[in-house]
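Colleague: next one to model:
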Amino acid sequence: MDLVHVGAALAVQIVVILGACRLSGWLVGRFLRQPRVIGDMIAGILLGPSLLGWLAPQAQALLFPIETRPLLQFVAQAGIGLYMFLVGLGFRRAHFHLQAGSAIAVSLCGIIAPFLVAVALTPWLSGMGLFGPTVTPFEATLFVGVAISITAFPVLARIIRERGLGGTPLAALTLSAGAIDDAIAWSILAILLACIGADGMIAVRALGGGGLFAIVMLFLGSRLLAPLARWAEREGRVTPAMLLIVLLLFGGCAWAMDMAGLHAVFGGFLLGVAMPRGILSQGLARRLEPMTIGLLVPIFFTVSGLNTQLTMVSNLSLALVALAILAASILAKGGACWAAARLTGQDNVTALAVGALMNARGLMELLVINIGLQRGIIGPELFAMLALMTIVTTMMTVPAIDRLARRKGLGGPIAEGPDDDPAARPVATPGAA
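Modeller: Residues are numbered from 1 along each chain as shown. Alright, predicted model coming up:
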C-alpha cells in the first residue's frame, strides 16, 4: 500500500472510529446510565478481533490493514501523551493539604494491598505463561501490582465535579488520595520500565535521567514557565504562538523521557503538573481538550481494542483466572481504601464512596496495560483479562455512587448525555486551576 492509500485508509478509519465511539457512548449513556468513556472502551474492543475480526475477519482486515497500524499507533500515542498533559494540568497541589492524614492512609492502603495481592497472584499467572518469556518474577509482580493499584484520577475529578461535591471533605479526601496513589503507581511503573530487559547501567541511566528531569520539572518547572504565564495574563488569553510553544515543549519533554528509556507519556504528564495555573492552564485546556478527548483518545481506545482478543479467554481455566483477577482487584483496591477511610474516622457511607471512586481505573489502566503489552511484559491473554477488569471496575463506579447518594445525599444524580465522559476536562474541577 503506497502513502496515498495509507492516508486515505487512515481517514476512513478515523470516521469509523469516531462514529462507533459516539454511537456506543450514546447507547451506554441512554440504557445503562454509564459515562461515555465506557462506550469508547467498548467500541474499541468491538472494532478489534474480539467481535468484528471474529464475525467478519476480511472486513476487519480491510478496514484496518497492517500497513496503517504504525501510523494509527503514532496518532494514538500522541493523543495519549496530550491526554496525560491534561491530567497533569488537573492535579491540584492544594489537595495534599486537605485531610492529609486520611488521604495518605487511603492512598498507601490502595497501593500496599494491591501489591500484596500481586505477590500472591503472580506465581499462578506465571505458571500459566501469561507473561513475556524474558520477564522475571519480580518484574511481573511489580507490573501486576501497578495494574491493580492504578486509579483513574480524571474519573474522580469528573464525577465529583458533576455531583457538585467540589470543596467537600469527600472531594478533598478522594482527590488527594487518588493523586498520591497514581503518583506512586506511575513512579513504580517508571522504575520497572527502566529495569525491564536492561543491564544495570542502562537502568541507572534511565532512573537517574528520569529522576533528574522529574525533579527539575516539579521544583523548577513553574518558575521556568512563569514568563509564559505572565504573557498569557497580559494578553488575557492563550494565543496561537503560546500554544505552539507549549506543544514544542510537550514534544521535547516526551522526547526526553523516551531517550531516558522511560515512556514518553511521563514527559507530558510532568509538563502538565509544572504548568503555572491561571489563564495559561485554563486556556490550554480549552484549546486542547476538544481535539484530545473528541478525536485522539477514541483512536487510542481503538488501538487498544485491536490488541484485545477476548476470544482468548475462551476456556474455563482462563475464564476463572479472569474472574479471580477481577475479584482480587476489587477487594484489594476498593476494599482496602474503604477500610483505611473507616479507620481514619470516616463514616461508613463516605468510606464506601471513597472505595468505589478509588476502584475506578478507566483510561489510566488501559494506558498501563498497553505499555505492558508493547514492552513484552504481558501476553495478549493477560492483556484481555486486565482490559475486562478495567471496564467492569469503571462501570461499577457510577451505580455505586448513585446508590450511596440516595442513602446519604452525597449529591444529585450524575448528568447523562453525549458529553458525559469522566475523562473529559480533567482540569475543570472547581478551583482546579
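
Colleague: residue 328 is in contact with residue 117, correct?
Modeller: Yes - the pair residue 117 / residue 328 is scored as a contact, 4.9 Å apart, by Cβ atoms under 8 Å. Every C-beta, even on glycine, is put in place using the N, C-alpha and C of the backbone.

Colleague: mutual contacts of the two, please.
Modeller: With contacts taken as Cβ atoms under 8 Å, 6 or more residues apart in numbering, residue 117 and residue 328 have residue 148 as neighbours in common.

Colleague: off-centre distance for the lowest-mean-pLDDT helix or strand in the chain?
Modeller: Within the chain, no helix or strand scores below helix 153-162, which has a mean of 70 by mean pLDDT, DSSP states H and E. The chain centroid and the centroid of helix 153-162 are separated by 13 Å under Cα atoms, centre = their mean, to the nearest Å.

Colleague: mind giving me the packing neighbours of it?
Modeller: helix 69-90, helix 169-195, helix 348-359, helix 362-374, helix 380-408 (3 or more Cβ pairs under 8 Å, 6 or more residues apart in numbering; DSSP states H and E).

Colleague: switch these over to a markdown table; also include mean pLDDT.
Modeller: Shown next, in a markdown table, are the helices and strands packed on helix 153-162 (pLDDT from 0 to 100):
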| stretch | mean pLDDT |
| --- | --- |
| helix 69-90 | 86 |
| helix 169-195 | 81 |
| helix 348-359 | 92 |
| helix 362-374 | 88 |
| helix 380-408 | 87 |
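
Colleague: right, so of those helices, which gets closest to residue 335?
Modeller: helix 348-359 (6.6 Å; Cβ to Cβ).

Colleague: any buried residues in the closest one, and which?
Modeller: For helix 348-359, the neighbour count (16 or more other Cβ atoms under 10 Å) marks 349-359 as buried.

Colleague: output stretch 263-281 as CSV - backbone C-alpha positions only.
Modeller: Provided in CSV are the C-alpha atoms of stretch 263-281 (Å, rounded to 0.1, in the frame of the first residue of the first chain):
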residue,chain,number,x,y,z
HIS,A,263,7.7,6.1,28.3
ALA,A,264,7.1,9.4,26.5
VAL,A,265,3.8,9.9,28.4
PHE,A,266,5.7,10.7,31.6
GLY,A,267,7.1,13.8,29.9
GLY,A,268,3.7,15.2,29.0
PHE,A,269,2.3,14.5,32.5
LEU,A,270,5.2,16.2,34.2
LEU,A,271,4.9,19.2,31.9
GLY,A,272,1.2,19.5,32.8
VAL,A,273,1.9,19.3,36.6
ALA,A,274,4.6,22.0,36.2
MET,A,275,2.5,24.4,34.1
PRO,A,276,1.6,27.5,36.1
ARG,A,277,-2.1,27.7,37.0
GLY,A,278,-4.3,30.6,35.8
ILE,A,279,-5.2,31.9,32.4
LEU,A,280,-2.5,29.8,30.8
SER,A,281,-3.6,26.4,32.1
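
Colleague: pull out the buried residues from that stretch.
Modeller: Buried, per 16+ other Cβ under 10 Å, within stretch 263-281: 263-277, 279-281.

Colleague: pLDDT of it, averaged?
Modeller: The average pLDDT for stretch 263-281 rounds to 89.

Colleague: ok, and what's touching stretch 101-117?
Modeller: Contacts with stretch 101-117, where a contact means Cβ under 8 Å, 6+ apart, come from 95-96, 141, 145, 148-149, 151, 172-174, 176-181, 184-185, 328-329, 331-333, 335-337, 339-341, 343-346, 354, 358.

Colleague: report the buried members of those residues.
Modeller: 95-96, 141, 145, 148-149, 151, 172-174, 176-181, 184-185, 328-329, 332-333, 335-337, 339-341, 344, 346, 354, 358.

Colleague: tell me how many other residues surround residue 103.
Modeller: The tally of other residues near residue 103 (other Cβ atoms under 10 Å) stands at 27.

Colleague: in which helix or strand does it reside?
Modeller: helix 100-127 (DSSP states H and E).

Colleague: which residues touch whichever helix or strand comes after that helix?
Modeller: Using DSSP H and E, the helix or strand that follows helix 100-127 in sequence is helix 137-149. With Cβ under 8 Å, 6+ apart as the contact definition, helix 137-149 has outside contacts at 110-111, 114-115, 117-119, 121-123, 125-126, 131, 135, 181, 184-185, 188-189, 191-192, 195-196, 328-329, 332-333, 365, 368-369, 372, 377-378, 386.

Colleague: also stretch 5-15?
Modeller: 1, 63-65, 67-68, 71-72, 75, 295, 299, 302.

Colleague: swap the cut-off to 6 Å and go again
Modeller: The contact list for stretch 5-15 (Cβ atoms under 6 Å, 6 or more residues apart in numbering) reads 67-68, 71.

Colleague: same question, stretch 187-200
Modeller: 139, 142, 146, 203, 206-207, 210, 261-262, 375.

Colleague: so which of the residues you listed is the most crowded?
Modeller: Tallying neighbours with other Cβ under 10 Å puts residue 146 at the head of the contacts of stretch 187-200, with 27 neighbours.

Colleague: tell me the confidence at that residue?
Modeller: 94.

Colleague: swap in residue 426?
Modeller: Residue 426 is given a pLDDT of 40.

Colleague: where does the stretch 1-150 of the chain have low pLDDT?
Modeller: Across the stretch 1-150 of the chain, the ranges flagged by pLDDT under 70 are 1-3, 91-99.

Colleague: so which of the buried residues of stretch 263-281 belong to helices?
Modeller: In this view, these that belong to helices under DSSP state H are 265-274, 279-281.

Colleague: from residue 292, how far off is the nearest residue to residue 71 once chain neighbours are set aside?
Modeller: Nearest residue to residue 71 in three dimensions, chain neighbours excluded: residue 10, at 5.8 Å (Cβ to Cβ, 6 or more residues apart in numbering). Using Cβ to Cβ, to the nearest Å, residue 10 is found at 18 Å from residue 292.

Colleague: circling back to that earlier point, show me which of the contacts of helix 137-149 are buried.
Modeller: Using 16+ other Cβ under 10 Å, the buried members of the contacts of helix 137-149 are 110-111, 114-115, 117-118, 121-122, 125-126, 131, 135, 181, 184-185, 188-189, 191-192, 195-196, 328-329, 332-333, 365, 368-369, 372, 377-378, 386.
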